[in-house]
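> the sequence and its predicted three-dimensional model are supplied below.
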Amino acid sequence: MKNTLVISAYTCCGKTYASKHMKDYDILDIDVSKFKTIKRLPNEEEVEVERIHWEATPHLMSTEGHLNQFKRQIIKADNPDFPDNFIQYIKENIGKVDVIFVDSDIKIRQWLNKAKIKFVTIYPWGSCLPEWIGRMYLQDYPDIIIRNKINGWEHETYPVKEPYGDQLFRLSYGKYILVYHLAYSDELNKLAGYISQQTGFEVINVHTQLRTRRKKMEIQDFGPIDLLSLINNAEYVLTTSFHAVAFSLILEKQFYAIKTAFSNRIENILRCMNIENRLLEDTFPDMAQRIDYTQVESCRSRFINESIDFIKSNVI
């Protein structure tokens, strides 16, 4: 049995491309619209409605002749089993394929959640609008749909409404440097500018303080899952936050922290990992020196085991 990953992905996130070109994976791209309607012959109630409509105006064909034709027509009707048939189809294929793609509509995610189907959600960040306009044109979306997406972009893409399953992944437009201000820091901005000049990467500012002047993308309203997704997809993480440092270590990111009056915990954890040079004070880093996570992992594993032993000895 395969460990199937169910992915609820926004328009033009690559569902169709992956299902056509990623031949190493068995991918099922499910179109929910195929489950909404059924094709059938008209029922007695529909025939009676058609009779009344036909007899309301004069016609050359008799009512009986028209109804005989109408009864043989195949019509589209709402499927009374929807959305249960859609959810059941997903359940039947879990374990059979590697990946199941579904749309990101909030109703679909609510159905998945209600059915206790584990899934993840993928959405682009707001800065991706130019990229997504191009993707929609390349896929021959009608102009009216593209205009509607543009007009509703900000509402649709931020914030993403729950539920979003086990994790929300955010797609960025190209590579970026994440700058997370626990308290606003000019030093972080200077460091971000330096690394951006060295790499050409975009700068994304995330902070909890009042809005600041900026040249690049800025995010104020965000939750824990948003922050984790940003860290996970960043090329570099720059921060004054202990927790951002901790998550950067867990996710094995290249990062730098700026020393402040409140950075004792950051100093301690970096000392434990033997990477004290990631804490900066009035200097720019040597970009050639990257964190070797094979060495960090040995330190991290040792401290994790010591922590578990302490909990077992003193708490459990």
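Sure thing, it's come through. Numbering: from 1, shown residues only.
> end to end on stretch 58-77, go ahead and measure it.
Start-to-end span of stretch 58-77 (C-alpha to C-alpha, to the nearest Å) is 28 Å.
> which parts of it are buried?
For stretch 58-77, the neighbour count (16 or more other C-beta atoms under 10 Å) marks 66, 67, 70 as buried. Every residue, glycine included, has its C-beta placed from N, CA and C.
> for those residues, which one is nearest residue 35?
In terms of C-beta to C-beta, no member of the buried residues of stretch 58-77 lies closer to residue 35 than residue 70, at 26.3 Å.
> in the stretch 101-250 of the chain, which segments are predicted with low confidence?
Applying pLDDT under 70 to the stretch 101-250 of the chain flags the ranges 173, 208-223.
> where exactly do the helices run in it?
106-114, 129-138, 143-157, 186-199, 224-233, 242-250 (DSSP state H, counting those that start in this stretch).
> now, of those helices, which is deepest in the fold?
Among these, helix 242-250 has the highest mean neighbour count (mean count of other C-beta atoms under 10 Å), at a mean of 20.
> what lines up beside whichever helix or strand comes after it in the sheet?
Note on helix 242-250: by DSSP states H and E, the next helix or strand toward the C-terminus is strand 254-258. Sheet pairing for strand 254-258, assigned by DSSP bridges, gives strand 236-239 (parallel), strand 279-280 (parallel).
> against the centre of this protein, work out the most remote residue.
residue 60 (58.5 Å; C-alpha atoms, centre = their mean).
> for that one, give its distance to residue 31.
Residue 60 sits 42 Å away from residue 31, going by C-beta to C-beta, to the nearest Å.
> same check on residue 73?
Separation of residue 73 from residue 31 (C-beta to C-beta): 25 Å.
> try residue 93
Residue 93 sits 14 Å away from residue 31, going by C-beta to C-beta.
> for those two, indicate the residue with more neighbours.
residue 93 (16 against 12; other C-beta atoms under 10 Å).
> thinking again about what came up before, do you know which of the helices of the stretch 101-250 of the chain lies nearest residue 164?
The closest of those to residue 164 is helix 106-114. By C-beta to C-beta, the value is 6.4 Å.
> run through who's touching that closest one.
6, 8, 32, 83, 86-87, 90, 102, 119, 121, 161, 163-165 (C-beta atoms under 8 Å, 6 or more residues apart in numbering).
> of these, buried ones?
Among these, those buried by neighbour count (16+ other C-beta under 10 Å) are 6, 8, 32, 83, 86-87, 90, 102, 119, 121, 163-165.
> of these, closest to residue 144?
Residue 144 lies nearest to residue 32 out of those, by C-beta to C-beta, at 20.8 Å.
> for the closest one, give me its contacts.
83, 86, 102, 103, 105, 108.
> ok, now how distant is it from residue 19?
Distance of residue 32 to residue 19, computed by C-beta to C-beta: 15 Å.
> kindly report the same for residue 2.
Between residue 2 and residue 19 the distance, using C-beta to C-beta, works out to 16 Å.
> try residue 289
Residue 289 is 41 Å from residue 19, by C-beta to C-beta.
> which of the buried ones among the contacts of helix 106-114 fall in strands?
6, 8, 102, 121 (DSSP state E).
> what is the nearest of the residues you listed to residue 37?
residue 102 (17.6 Å).
> what sits against that closest one?
6, 7, 8, 9, 30, 32, 90, 108, 112, 119.
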